[in-house]
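S.K.: Dropping the sequence and predicted coords here.
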Amino acid sequence: MRQKIVAGNWKMNLNLEEGKALLMEIIDANLNENCQIIVAPPFIHLSQFGTMLNQSRISLAAQNCHQQELGAFTGEVSASMLKSVGVECVILGHSERRSYFFEDSMSISYKVNQVLSQGMRPIYCCGETLMQRQENQHFEIIRSQIREGLFHLNEMELLNCVIAYEPVWAIGTGETASPAQAQEIHSFIRKTIAKDFGELVADNISILYGGSVKPDNAKELFNCPDIDGGLIGGASLNVDHFAAISHSF
Ligand code: PGA
C-alpha cells in the first residue's frame, strides 16, 4: 500500500527562532495520524530540528543536496551531511531549482543516487510551465523529467522515491490545477512507471500534488485516486492550515 504524505516545503522562509517556534507548534498540533508528515526547512535549521524531532513521528527533509559525495564544492551540502543530522527525505529538482539554478533532470538523477545511497528518500519534483501546457507539451515534459531523473534506478530504489507533480504555473500563484488536471497527470505518471517497472511498482509509489494547495482545495485534490498527498509551500508556514491539509484525506 502506498503511503499518504503531507510535506511542508518552507523554502527560504523563517530565521532560526521563527522556524523553531513554528516547528514547536507543528509538534503540538493535531495532525492526521494516518499520513506521514514531513517538514522541509532551510538547511541551516536542519541540525537543530533533527534534535527537536528525535522522538517525533514527523520526518525531517532537506530542500536540496549536492550531486557529489564530497569535495571542493564551496557552499554546497552533501547527502551524507544531511543524513548525519537526522534528515530522512530530500526534495530534489523543485521547479525553483530547475529554473533559477539551472538544474536539469540528468544532474538531479545524480542527486537521487546520493540521497538513496545514504538510505534517505528523494522527493523528486516534476512539472510543466504554463507555456508548455498551452502548447500541449505537458505529457512529454513530465515523461522525460521522470525518465531522466528516475528510470536508471532498480525497482527497490524507485519504490524508495516519492514523486511530486508541481505544475510550475500553480506554484505560489494562488492558481491550483483542477483535481481533474492533477489526476490526469498523476495517472499518466503511474502509467509511465508501469510501462517500464510494472503495475506493482507503479501502484506502490506515492505521488504528491504541489502548487497552491490550501485547506479549502486539499480535500478535492486528495480525493483523486492517484493523488497520495501534497507538497505544500505557502500554506505549510501556517500551523492551522498545515494541520487542516493533513486532515483532508
Ligand atoms: P505553494 O508551493 O504551495 O506555495 O504553491 C508549493 C511548492 O513549491 O512546493
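M.R.: Cool, the structure landed.
S.K.: now Ile27, what's its secondary structure?
M.R.: Put simply, Ile27 is helix when judged by DSSP: H, G, I helix; E, B strand; the rest coil.
S.K.: and the nearest residue in space to it that is not next to it in sequence, how far is that from Tyr100?
M.R.: Leaving aside its sequence neighbours, Ile27 sits nearest to Ser56 (CB to CB, 6 or more residues apart in numbering; 5.9 Å). From N, CA and C alone the C-beta is placed, and that goes for glycine too. Separation of Ser56 from Tyr100 (CB to CB, to the nearest Å): 32 Å.
S.K.: who are the neighbours in contact with the closest residue to the ligand within the chain?
M.R.: Of all residues in the chain, Gly233 sits closest to the ligand, at 2.2 Å by CB to the nearest ligand atom. By CB atoms under 8 Å, 6 or more residues apart in numbering, Gly233 lies in contact with Asn9, Lys11, Ile171, Gly172, Gly210, Ser212.
S.K.: export the residues you listed to JSON lines and tack on secondary structure, neighbour count and pLDDT?
M.R.: Below are the contacts of Gly233 laid out as JSON lines (DSSP: H, G, I helix; E, B strand; the rest coil; neighbours: other CB atoms under 10 Å; pLDDT from 0 to 100):
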{"residue": "Asn9", "secondary structure": "strand", "neighbour count": "27", "pLDDT": "98"}
{"residue": "Lys11", "secondary structure": "coil", "neighbour count": "19", "pLDDT": "98"}
{"residue": "Ile171", "secondary structure": "coil", "neighbour count": "21", "pLDDT": "86"}
{"residue": "Gly172", "secondary structure": "coil", "neighbour count": "13", "pLDDT": "82"}
{"residue": "Gly210", "secondary structure": "strand", "neighbour count": "28", "pLDDT": "96"}
{"residue": "Ser212", "secondary structure": "coil", "neighbour count": "20", "pLDDT": "93"}
